[in-house]
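S.K.: The following block contains a protein sequence and its predicted model.
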Amino acid sequence: MMAAAATTTLSAIAGPVRVGRANGSTVIAVEQRAREVPPGLRALRRARRRNSLAKGDWADRLYQAYLAVIAVGLFTWFFASIAAGNPASAAQLHWIDDHGAAVVGMVAALAITVGLRSGARGGPLSLELTTVHYELLAPIERRVTLRHPATQHLSHLALFGGVAGAVAALVAGPSLPDNPVVLFATATAAGVLVAIAAVGAALIVSGLRLSAVVANSIGVALLALATFDLVSGHGIAPTTPFGVLALWSRVGSPAAVVAPVLAVALAVLGVRYVAGTSIERARERAGLVEQLRFALTMQDLRTVVLLRRHLAHEQLRVAPWIALPMSDRGGPRRRAVRGLLHFRVGRMVRMLLLGVSAGLLIGWSSDIPALLVPAAGTLFLAGYDAVEALGQEVDHPKIWSSHPVEHPGHILGHLLQVGIAACLPVTVVATIAAALVTGVGDGRLVPLLLVGVLGAFGAGTGAAVSTVLGPPDMVAISRYGAPDMIGWVLVIRAVLPLLLTFMALLPALGLRHHTSDDIVSSSTNLIGPAIVAVVLGWQWLRSRTPRTL
């Protein structure tokens, strides 16, 4: 009787079943083809999709799509209008012919490396908790359950990669004498294939449950080969064919055929091995992703940073790199330095890579000044790691309020000093990278040195202000402002910390001039606004008190 009831239930959920006997016990096995989705699972997904659509408002979704289209359109128009007035010279076209494919190949290698790291951390799939509890634990072959989320994730990332490739073609098209239609088509196809390859690599690593050491080793090897191609002009890296495809109108090499073959092979293998995804990691990742989305909705960047570290399984060293002797001298500064000595190599390398990226953007801003905005954002991200001790103090307001000081905000000032010192190596690397792009002649050394010093102050101060701001208090905002001003207040809160970092980089605008006197005078004239922004942020931090007071 019980076997008949179990057979009926399993048949409704997982499909046809087979009843047999083994060692005197009744055995119920599910007869399911590998490619067949059980009717119960199909009905469950339809019901969840129907409920999700019923809870949401189609007008809100249409409005979000409308805003996304406008944002992409404005971004494309802005950078395309800048590039339109600067057609590439003969020397630049020659450099693109020799190294353009390798540059795109380097981007593809970075994307695949990110995918490998995501797979080693339990990604790239971010399943819902209901999917983990009701689908992965059901008596259904796991590959059948995870095939739909995997293909859905592949399609979403392919769309994103295609849009990125199309935007890049629209931005670079006016500067190149190539057929814009062909460039648009090949760049879009390359973007789609790079995204598919990155997701496929992540699915393979996650399904095979490869360790982080193996995944990172493969990523380092890909980056090394891509760097060799970029420096030497050869095409031995497996990611260079993506660049050949993107620049087909200029390169036209048969090696472009390798790109779709590699991307499709990685995607097929990823879907094939997705059944090995760990349920424990999927459950943990699902909970963290839900919290991360809520923190983003609340504009709580400090919580977003902490959740991202949990998602990446990022931990501090148990033993410091240098054991400082115990002493009461230094107070909060000494405690912050001890915290920095517990950073792992991965976090320090990430900060330095962010510095290199910011320096390259600063160097290229001599031609496109708008690139100072992403440069400021890159240094802002590095500053978040540098002011970790200040963040820990803010996370524990009761301990913060118990320190015997004249004002609690003075502790933040002491901790910020250590954070700014930790930002100096990042800005030094950024200055060196910018100097390699622009050179140090014709008075360019002055703005580069100013950016190296002021950038550390701006990155540390901006990250500290964002950390101390925390999530917005909607009650207080509505109390002191009109209801129609709440949106503007939230925008200002989100932009202000990044603006402090951007103001510190203002002397870099002198790089856009051509004569030595103009470069030096323009850079020195912009020192005042940069210093004022940093001082105002510093003084605001020193006036803060814990929320428990």
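M.R.: Structure received. Everything quoted here is computed from the prediction, not taken from an experiment.

S.K.: residues in contact with the most centrally placed residue in the chain?
M.R.: Taking Cα atoms, centre = their mean, the centroid of the chain lies closest to Val114, which sits 9.2 Å from it. Val114 makes contact with Ala198, according to Cβ atoms under 8 Å, 6 or more residues apart in numbering. Using the backbone N, CA and C atoms, a C-beta is placed for each residue, glycine as well.

S.K.: centre of the chain versus the host helix or strand of it, how much separation?
M.R.: Using DSSP states H and E, the element containing Val114 is helix 90-120. Relative to its parent chain, helix 90-120 has a centroid offset of 17 Å by Cα atoms, centre = their mean, to the nearest Å.

S.K.: can you check stretch 132-147 too?
M.R.: Averaging C-alpha positions (Cα atoms, centre = their mean) puts stretch 132-147 29 Å from its chain's average.

S.K.: circling back: quick one: the residue nearest to the centre of the chain from Ile322, how far?
M.R.: From Val114 over to Ile322 the distance is 32 Å, taken as Cβ to Cβ, to the nearest Å.

S.K.: neighbours around Arg302, how many?
M.R.: 19 (other Cβ atoms under 10 Å).

S.K.: can you check Ile411 too?
M.R.: Residues lying near Ile411 (other Cβ under 10 Å) number 23.

S.K.: so where's this protein shaky on pLDDT?
M.R.: 1-36, 52-68, 71-86, 326-330, 405-406, 473-488, 548-549 (pLDDT under 70).

S.K.: residue boundaries of the strands in it?
M.R.: Using DSSP state E, the strands of the chain run over 17-22, 25-30.

S.K.: Look up how far Ala376 lies from the spatially closest residue to Leu448 that is not a sequence neighbour.
M.R.: Spatial nearest neighbour of Leu448, excluding adjacent residues (Cβ to Cβ, 6 or more residues apart in numbering): Thr431 at 5.1 Å. Thr431 sits 15 Å away from Ala376, taking Cβ to Cβ as the criterion.

S.K.: Could you pull out the helices in the stretch 401-549 of the chain for me?
M.R.: 409-438, 445-469, 474-480, 486-504, 516-525, 527-542 (DSSP state H, counting those that start in this stretch).

S.K.: what's next to stretch 447-457, contact-wise?
M.R.: With Cβ under 8 Å, 6+ apart as the contact definition, stretch 447-457 has outside contacts at 358, 362, 379, 420-421, 423-424, 426-428, 430-431, 434-435, 438, 440, 501, 504-505, 507-511, 519-520, 522-524, 527, 530-531, 534.

S.K.: Repeat that for stretch 428-435.
M.R.: Contacting residues not belonging to stretch 428-435 are listed as 352, 355-356, 358-360, 362-363, 379, 444-445, 448-449, 451-452, 455, 508 [Cβ under 8 Å, 6+ apart].

S.K.: How many residues are close by the closest residue to His133 other than its chain neighbours?
M.R.: Nearest residue to His133, sequence neighbours excluded (Cβ to Cβ, 6+ apart): Arg283, at 8.0 Å. The tally of other residues near Arg283 (other Cβ under 10 Å) stands at 18.

S.K.: what residues are up against Arg283?
M.R.: So Arg283 contacts 129, 132-133 (Cβ under 8 Å, 6+ apart).

S.K.: coming back round to it: the residue nearest to Leu448: neighbour count?
M.R.: For Thr431, using other Cβ under 10 Å, the count is 25.

S.K.: ok, Ala464 to Ser89 distance?
M.R.: The value you get for Ala464 to Ser89, if Cβ to Cβ is used, is 43 Å.

S.K.: Over to Leu222?
M.R.: In terms of Cβ to Cβ, Leu222 sits 32 Å off from Ser89.

S.K.: Tell me which of the two has more neighbours.
M.R.: Leu222 (22 against 10).

S.K.: Could you find the closest non-adjacent residue to the more buried one?
M.R.: Nearest one to Leu222, counting by Cβ to Cβ, 6+ apart, is Ala109 at 4.4 Å.

S.K.: Pretty sure that neighbour sits against Ala224.
M.R.: No: with contact defined as Cβ atoms under 8 Å, Ala109 does not reach Ala224; the gap is 9.0 Å.

S.K.: Of the contacts of stretch 447-457, keep whichever come out buried.
M.R.: When the contacts of stretch 447-457 are checked for burial by 16 or more other Cβ atoms under 10 Å, the buried set is 358, 362, 379, 420-421, 423-424, 426-428, 430-431, 434-435, 438, 501, 504-505, 507-511, 519-520, 522-523, 530, 534.

S.K.: quick revisit: what about the contacts of Arg283, which one has the most neighbours?
M.R.: Within the contacts of Arg283, most neighbours by other Cβ under 10 Å means Val132, with 19 neighbours.

S.K.: Verify the contact between it and Ala286 for me.
M.R.: Yes: counting by Cβ under 8 Å, Val132 touches Ala286, with 5.5 Å between them.

S.K.: so which of the contacts of Arg283 would you say is closest to Ala336?
M.R.: Leu129 (37.3 Å; Cβ to Cβ).

S.K.: who's in contact with that closest one?
M.R.: Leu129 neighbours (Cβ under 8 Å, 6+ apart): 283, 286-287, 290.

S.K.: Would you mind measuring from it to Val264?
M.R.: Distance of Leu129 to Val264, given as Cβ to Cβ: 32 Å.

S.K.: what about His514, how many neighbours?
M.R.: Neighbours around His514, by other Cβ under 10 Å: 9.

S.K.: Let me see the backbone angles for it.
M.R.: Dihedral angles of His514 (phi, psi; degrees, to the nearest 10) stand at phi -110, psi -30.

S.K.: If we ignore the residues flanking it in sequence, what's nearest it?
M.R.: Asp442 (7.7 Å).

S.K.: Ok, Gly207 next?
M.R.: Tyr273 (3.2 Å).

S.K.: Hmm, Ile204 and that neighbour touching each other?
M.R.: Yes: counting by Cβ under 8 Å, Tyr273 does reach Ile204; the two are 5.5 Å apart.

S.K.: higher neighbour count, these two?
M.R.: Ile204 (23 against 19).

S.K.: Identify the residues contacting stretch 201-218?
M.R.: So stretch 201-218 is contacted by 112, 115-125, 150, 266-267, 269-278 (Cβ under 8 Å, 6+ apart).

S.K.: switch to 7 Å and redo it
M.R.: Contacts of stretch 201-218 with the rest of the structure, by Cβ atoms under 7 Å, 6 or more residues apart in numbering, involve 112, 115-120, 122-124, 150, 266, 269-271, 273-278.

S.K.: Which among these count as buried?
M.R.: Buried by 16+ other Cβ under 10 Å: 112, 115-120, 122-124, 150, 266, 269-271, 273-277, out of the contacts of stretch 201-218.

S.K.: and the spatially closest residue to Pro471 that is not a sequence neighbour, how far is that from Ala168?
M.R.: Closest residue to Pro471 apart from its sequence neighbours, by Cβ to Cβ, 6+ apart: Asp300 at 3.9 Å. Note on Asp300: its distance to Ala168, by Cβ to Cβ, is 32 Å.

S.K.: In terms of neighbours, single out the busier of the two.
M.R.: The neighbour comparison of Asp300 against Ala168 (other Cβ under 10 Å) goes to Ala168, with 21 against 17.
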